[in-house]
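1. Quick one, fold the following:
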Amino acid sequence: MTAGATKRLLTVPPGATPAPDRVQIRRRISPEAGRALEILGHAIEYLADEYVHRGGGSLSAQDPEIEAMQLLMALNRKIYLECPAAPALVERLRQIWRLRLPGGAPTACAPGAKR
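-> Numbering: from 1, shown residues only. Model (predicted):
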């Protein structure tokens with residue numbers, strides 16, 4: 001921070017509950033879905049840039065440019081969320097571990113294993 005700058009803290013208003021932390025889920029995106037997401041992203045960025053450079057006015061839900069951006073963003077989310085979820089690293093490691101141990105034989109690391 002620069003000299004004289006104040007530190008701002010985000011606080012939750014009294015009576016409100018903070019939003020829960022979002023769990024990050026990785027997705028397996030097909031080449032077709034990836035291309036669609038790329039095109040939509042460029043279109044959203046273009047509209048946002050044009051809106052800002054034009055002066056934008058007030059951010060109103062009834063503004064046709066804002067509605068267009070919201071429509072493209074909703075389509076972007078829909079395409080992304082339709083892509084199948086990829087298992088987390090922990091799940092992939094568990095699958096590998098199960099495949100390497102026939103019959104799920106206990107190991108020195110497994111709970112209840114004799115040492």
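
2. where's the closest residue to residue 47 other than its chain neighbours relative to residue 33, distance?
-> Nearest residue to residue 47, sequence neighbours excluded (Cβ to Cβ, 6 or more residues apart in numbering): residue 69, at 5.0 Å. C-beta coordinates here come from the backbone N, C-alpha and C atoms, glycine included. Distance, residue 69 to residue 33, by Cβ to Cβ, to the nearest Å: 20 Å.

3. Those two: who's more crowded?
-> Set side by side, residue 69 and residue 33 show more neighbours around residue 69, with 18 against 15, by other Cβ atoms under 10 Å.

4. any idea which helix or strand carries the more buried one?
-> Applying DSSP states H and E as the criterion places residue 69 in helix 64-82.

5. So for that helix, what gets flagged as buried?
-> Under the neighbour-count criterion of 16 or more other Cβ atoms under 10 Å, helix 64-82 has 66, 69, 72-73, 76, 79 buried.

6. What is the nearest of these to residue 26?
-> residue 79 (15.6 Å; Cβ to Cβ).

7. quick one: the closest one and residue 32, what's the gap?
-> 9 Å.

8. Likewise for residue 90?
-> In terms of Cβ to Cβ, residue 90 sits 29 Å off from residue 32.
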